[in-house]
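Colleague: sequence first, predicted coordinates after that:
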Amino acid sequence: MVTKFTPKLGNILMLALAALWLVPLLWMTVTAFRPRHAALSGLFSLDFTLANFATVWSAAPFATYYFNTILIVVCVFAVQMLTASMAAFAFARVTFAGSSIVFLLFLVQIMIPADVLIFPNYNVLKQLSLLDTKLGIMLPFLASAFGIFLLRQVFKTIPAELEEAALIEGCSKWQVLWRIYFPLARPTYVAFALVSISYQWNNFLWPLIITNSVENRPLTVGLSIFAQSFEIGVQWTEVSAATLLVITPLLLIFLVFQRQFIESFMHSGIK
Amino acid sequence: MKRTRPWLLLISKMKASLRRNGFAWLLLLPSLLFLLLFTFYPILLTLRLSLFQADLSAPEPVFTGLDNYRTMFQDEVFHKVMSNNVLFALGTVPLGIALALLMAVFANKALHGRGFMRSAFFYPTLIPMIAVANIWLFIYTPEYGFMSRVLSWFGVNDINWLGTPGLVMWAMILMIIWKEAGFFMIFYLAGLQNISKELYEAAHVDGVSRFTVFRRITFPLLMPTTLFVSIVALTNAYKLVDHLMIMTRGGPNNSSNLLLYYIYETAFSFWDQGMASALTVVMIAVLLLIAAVQFFGLDRRIHYN
């Protein structure tokens, strides 16, 4: 195992594994662009078509689904950024009574995420009369313990002298937070944004449970309803096209920010 | 004058401390509000409702003590679901973590195709589980699916992956490893960056073999990462159920059913709210147990940088 050739051989094997990892995406992409008979025949042919996308777009209100998902993703992240920054600042830079207890309370949210509290949270939402609303989809996620821990870690690495200097110059505590901590932690906000956005974009079970009208459904729920409206084994081309429509925006964002995302994750001190 | 000074100092100190505390609590207030409303209040709500009979035959919940729990422990489906979940965790967690570590080591300093490797391994993380389920449903479909076609080149007979009770769980485990390994890789990449280069240089000077370096330096120093990742992976094993909605609905014969999906069915298909609450309490207990074991059991054996 310990020869000079191991790194090269290992590298080749890992490249092969990476290629294998791409197979599901390629398989689906190819299927989405093929006429049905060609997709099912399994023989090689050069038949490609855009008809599947046209069918999908007219068969289900994907434009509404898109709008809802984008609205949810943007609102949740904007609020999370605000609430998490504030809490992280308190944990990182203010000594106050009860900080360790509150910190523990937030740890519980990491251990028992909202995903598993679907039934009790449904009851809470019913009590608030917010069933079947977009606000209801967002509410349980507006405070993010993950975001708080992530930002707290970075805020701690920012030298306290910067803050002291700003306070002497007459900045208020709020101005310090927005003018010093916020810009200096930007790479971490990028990582947090991608995690939060992909999480909300992909969230399914919760919106499935609490929505029952088209106007409030996000993409994931719309896609599952679309996929299940066919009998098993047919219409694979349309389902593939619809799936591609749902995942492409995220994949594009990732490709654009790939380097920044992975690097900021690596330097953000998550261990 | 001199005698009053310490008092004034104390008062001004108290004022400062009060202002500091007030400031901190003000900063925490919005997060705390959501945390209490959507984590702690629902937990209490569940604990209470789990002691009631609240189903379609009981329009007003009736207090029944531990009846729901008694019924639950005698329920065969519950036993099946719990053992499925353990199998699912045992199948996905160690293998997923080992693969993630391997990916990270190579994607950290590969000679060729570093960016390609990182993207290829990571992209499944970004795709919604519902989309993954659609893709893999097609991959596993008999006759037309990718698996069937590849296996037919090797002369293997058509296998109905999702329709065979003994196979469906393994098909799910394979899919989840594909989806998750790249996510864990990111954390290992971060961990690798935090190991000081001097350690490697010293080992290199001493002529230590690569495998020994990995075993004696890299792996022990990555233990905090492994702890973190294994908590996330184990929690996920109880959290990931979206795929069941599309692929199997827990079948055939409950052989792919998992606890959270069973909660969903009990609550929203059968409308047995008391039982759904009791099941949720079990879920909470399992998650807290995982966290406790990890924190108190493993933490002592970890080497920190």
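Modeller: That came through, no problem. Residues are numbered from 1 along each chain as shown, chains lettered A, B, ... in the order given.
Colleague: spatially central residue in chain A, please.
Modeller: Nearest to the geometric centre of chain A sits A:S198, at 1.5 Å (C-alpha atoms, centre = their mean).
Colleague: would you mind measuring from that one to chain B?
Modeller: Distance of A:S198 to chain B, computed by C-beta to the nearest C-beta, to the nearest Å: 5 Å. Placement of C-beta: from N, CA and C, glycine included.
Colleague: and the residue nearest to A:G10 when sequence neighbours are not counted, how far from A:L9?
Modeller: Nearest non-adjacent residue to A:G10, counting by C-beta to C-beta, 6 or more residues apart in numbering or on different chains: B:F106, 6.5 Å away. Going from B:F106 to A:L9 by C-beta to C-beta, to the nearest Å gives 11 Å.
Colleague: higher neighbour count, the two?
Modeller: The neighbour count for B:F106 versus A:L9, taken as other C-beta atoms under 10 Å in any protein chain shown, is higher for B:F106 (24 against 10).
Colleague: the helix or strand bottoming out on mean pLDDT in chain A near chain B at all?
Modeller: The least trusted helix or strand in chain A, going by mean pLDDT, DSSP states H and E, turns out to be helix A:36-41, with a mean of 73. Yes. Contact of helix A:36-41 with chain B (C-beta under 8 Å from any C-beta of the partner chain) involves A:L40.
Colleague: just the pLDDT for the residue nearest to the centre of chain A.
Modeller: For A:S198, the model assigns a pLDDT of 86.
Colleague: now the one 4 residues further on
Modeller: Taken from the predicted model, the pLDDT recorded for A:N202 is 90.
Colleague: Provide a list of residues in contact with it.
Modeller: A:T220, A:L250, B:L126, B:I127, B:P128, B:M129, B:I130 (C-beta atoms under 8 Å, 6 or more residues apart in numbering or on different chains).
Colleague: what is the nearest of those to B:V286?
Modeller: The nearest member of those to B:V286, counting by C-beta to C-beta, is B:M129 at 20.3 Å.
Colleague: report how many residues lie close to the nearest residue to that closest one once chain neighbours are set aside.
Modeller: The shortest distance from B:M129 to any non-neighbouring residue, by C-beta to C-beta, 6+ apart, is to B:D242 (3.7 Å). Under the neighbour criterion other C-beta under 10 Å, B:D242 is assigned a count of 24.
Colleague: verify the stated contact: B:D242 with B:A133.
Modeller: Yes. Counting by C-beta atoms under 8 Å, B:D242 does reach B:A133; the two are 6.7 Å apart.
Colleague: next, show the common contact partners of these two.
Modeller: Joint contacts of B:D242 and B:A133 (C-beta under 8 Å, 6+ apart) do not exist.
Colleague: quick check: pLDDT value at residue 32.
Modeller: The chain I'm using is chain A. Per-residue pLDDT puts A:A32 at 88.
Colleague: hm, I was asking about chain B
Modeller: Looking at B:L32, its pLDDT stands at 94.
Colleague: again with A:E231
Modeller: We have a pLDDT of 61 for A:E231.
Colleague: now swap in A:M1 and tell me
Modeller: 41.
Colleague: then A:F265?
Modeller: The score at A:F265 is 69. That number is its pLDDT.
Colleague: show me where the stretch 1-150 of chain B has its strands.
Modeller: Using DSSP state E, counting those that start in this stretch, the strands of the stretch 1-150 of chain B run over B:52-53, B:62-63.
Colleague: give me the below-cutoff pLDDT ranges for the stretch 201-305 of chain B.
Modeller: The stretch 201-305 of chain B contains residues with pLDDT under 70 at B:297-305.
Colleague: tell me which parts of it are close to chain A?
Modeller: So the stretch 201-305 of chain B meets chain A at B:209-211, B:224-225, B:228, B:235, B:238-239, B:241-242, B:245-246, B:260, B:263-264, B:267-268, B:273, B:276-277, B:280, B:283-284, B:287-288, B:290-291 (C-beta under 8 Å from any C-beta).
Colleague: among those residues, which ones are in helices?
Modeller: Among those, the members found in helices (DSSP state H) are B:210-211, B:224-225, B:228, B:235, B:238-239, B:242, B:245-246, B:260, B:263-264, B:267-268, B:273, B:276-277, B:280, B:283-284, B:287-288, B:290-291.
Colleague: just the buried ones from those?
Modeller: B:210, B:224-225, B:228, B:235, B:238-239, B:242, B:245-246, B:260, B:263-264, B:267-268, B:273, B:276-277, B:280, B:283-284, B:287, B:290-291 (16 or more other C-beta atoms under 10 Å in any protein chain shown).
Colleague: wait, what's in contact with the most centrally placed residue in chain B?
Modeller: By C-alpha atoms, centre = their mean, chain B has its centre lying nearest to B:N236, at 2.0 Å. Residues near B:N236 by C-beta under 8 Å, 6+ apart: B:T92, B:E180.
Colleague: ok, it to B:P42 distance?
Modeller: Per C-beta to C-beta, B:N236 is found 20 Å from B:P42.
Colleague: wait, B:L167 touches B:W161, no?
Modeller: Yes. If you go by C-beta under 8 Å, B:L167 and B:W161 touch, sitting 5.4 Å apart.
Colleague: please identify which of the two sits among more neighbours.
Modeller: The residue with more neighbours, out of B:L167 and B:W161, is B:W161; 22 against 17, by other C-beta under 10 Å.
Colleague: please list all residues in contact with that one.
Modeller: Contacts for B:W161 (C-beta under 8 Å, 6+ apart) come out as B:Y140, B:P142, B:M147, B:L167, B:V168, B:A171.
Colleague: need those in JSON lines (columns: distance to chain A and pLDDT).
Modeller: Below are the contacts of B:W161 laid out as JSON lines (distance: C-beta to the nearest C-beta, whole Å; pLDDT from 0 to 100):
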{"residue": "B:Y140", "distance to chain A": "11", "pLDDT": "90"}
{"residue": "B:P142", "distance to chain A": "9", "pLDDT": "83"}
{"residue": "B:M147", "distance to chain A": "10", "pLDDT": "85"}
{"residue": "B:L167", "distance to chain A": "17", "pLDDT": "90"}
{"residue": "B:V168", "distance to chain A": "15", "pLDDT": "93"}
{"residue": "B:A171", "distance to chain A": "13", "pLDDT": "93"}
